[in-house]
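A.B. asks: Need the 3D shape of this:
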Amino acid sequence: MAEIEPIRVGIGPADLDTDADGHADTAAVVEGPDLVLHTDLDGDGLADRTVRIGPDTVGPREVHWWAPWTWFD
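C.D. replies: Down below sits the predicted model:
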């Protein structure tokens with residue numbers, strides 16, 4: 001089986017430190033209504049994981065004012 005070459009797309013420098021090691025490892029990009037996070041897990045400068053968060057992936061959320069620790073009489 002032939003090896004597949006990774007697709008390289010310039011998105012700009014990483015600006016978020018998501019693993020709290022003191023080095024920026026994630027670049028956040030807005031694409032339409034979606035937020036796309038490109039994370040470099042091994043520090044080689046290439047995104048190892050990409051997560052897309054948007055209305056199609058998250059879906060509607062219902063917010064409740066109560067909590068499990070609500071006081072009862």
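
A.B. asks: At which residues are the strands of this protein located?
C.D. replies: 26-31, 34-39, 49-53 (DSSP state E).

A.B. asks: Now render these as TSV, adding distance to Gly12.
C.D. replies: Using the backbone N, CA and C atoms, a C-beta is placed for each residue, glycine as well. TSV is the format used below for the strands of the chain (distance: least, C-beta to C-beta, whole Å):
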stretch	distance to Gly12
strand 26-31	6
strand 34-39	9
strand 49-53	14
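
A.B. asks: Need those in JSON lines (columns: mean pLDDT and distance to Asp17).
C.D. replies: JSON lines is the format used below for the strands of the chain (pLDDT from 0 to 100; distance: least, C-beta to C-beta, whole Å):
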{"stretch": "strand 26-31", "mean pLDDT": "91", "distance to Asp17": "8"}
{"stretch": "strand 34-39", "mean pLDDT": "90", "distance to Asp17": "11"}
{"stretch": "strand 49-53", "mean pLDDT": "90", "distance to Asp17": "15"}
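
A.B. asks: right, so those: which one is the most enclosed?
C.D. replies: strand 34-39 (a mean of 16; mean count of other C-beta atoms under 10 Å).

A.B. asks: tell me what that one is packed against?
C.D. replies: strand 26-31, strand 49-53, helix 55-58 (3 or more C-beta pairs under 8 Å, 6 or more residues apart in numbering; DSSP states H and E).

A.B. asks: as a whole number, average confidence for the last one?
C.D. replies: Which is helix 55-58. The average pLDDT within helix 55-58 is 80.

A.B. asks: What lies in contact with it?
C.D. replies: Pro33, Asp34 (C-beta atoms under 8 Å, 6 or more residues apart in numbering).

A.B. asks: ok so, going back, which one, of the helices and strands packed on strand 34-39, ends up nearest to Thr18?
C.D. replies: Among the helices and strands packed on strand 34-39, strand 26-31 comes nearest to Thr18, with 4.7 Å by C-beta to C-beta.

A.B. asks: Right, I'll call it a day here.
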